[in-house]
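Enquirer: structure, please.
(chains A and B)
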There are 2 protein chains.
Amino acid sequence: MSLLDYFRQSKPEATAKQAKERLQIIVAHERNQRNGPDYLPDLQRDILEVIKKYVAVEQDDVKVSLDNRSEELSVLELNITLPDNR
Amino acid sequence: MSLLDYFRQSKPEATAKQAKERLQIIVAHERNQRNGPDYLPDLQRDILEVIKKYVAVEQDDVKVSLDNRSEELSVLELNITLPDNR
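Expert: Model (predicted):
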């Protein structure tokens, strides 16, 4: 399955009507070796730390999903919604 | 335009047939204020630094596109392809 197919499956969220600031981060990792290292959980933590340099993110603002779709494809998704006045 | 629409427009790349390791990172930033801060260029640099902790990325391996699709939506895309033996 291509990455494009994965994105097509993503569900649209009705955020356009809401006046909120939103960051969506998708990291797709294709490995050629089935037993190659999977560093997405660590990468997720590090990316979140980096984002906190720029916006005041609290734990409740973040939704994380890590989807090991196959042995060769893992997809990490971070959805961060920030209240208006931050 | 929803984020989903943006992902639908992404072009699939014929990497599935190639035995390469690949990381694709998409950061979509929706701002409610037209003049809100745009930190994606800085975030791009920081995310790349974080990734280098896990994989040996060289400049030639990285393709970056930063697309300010509207005043409220910016999309940053990082495509990193790693040679087999790294």
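Enquirer: chain A: strands as residue ranges?
Expert: A:21-30, A:62-68, A:73-82 (DSSP state E).
Enquirer: wait, which of the ones you listed is closest to chain B?
Expert: The closest of those to chain B is strand A:21-30. By CB to the nearest CB, the value is 4.2 Å. For the C-beta atoms, the positions are set from N, CA and C on the backbone; glycine is no exception.
Enquirer: next, the angle strand B:73-82 makes with the closest one.
Expert: 20 degrees (axes from the mean of the first three to the mean of the last three CA atoms, to 10 degrees).
Enquirer: most neighbours per residue, which of the strands of chain A?
Expert: strand A:21-30 (a mean of 22; mean count of other CB atoms under 10 Å in any protein chain shown).
Enquirer: the inter-axis angle of that strand versus strand A:62-68?
Expert: 20 degrees.
Enquirer: near chain B at all, strand A:21-30?
Expert: Yes - using CB under 8 Å from any CB of the partner chain, a contact is recorded between strand A:21-30 and chain B, made by A:Glu21, A:Arg22, A:Leu23, A:Gln24, A:Ile25, A:Ile26, A:Val27, A:Ala28, A:His29, A:Glu30.
Enquirer: how near is the fifth one to A:Val75?
Expert: Translated: A:Ile25. 11 Å (CB to CB, to the nearest Å).
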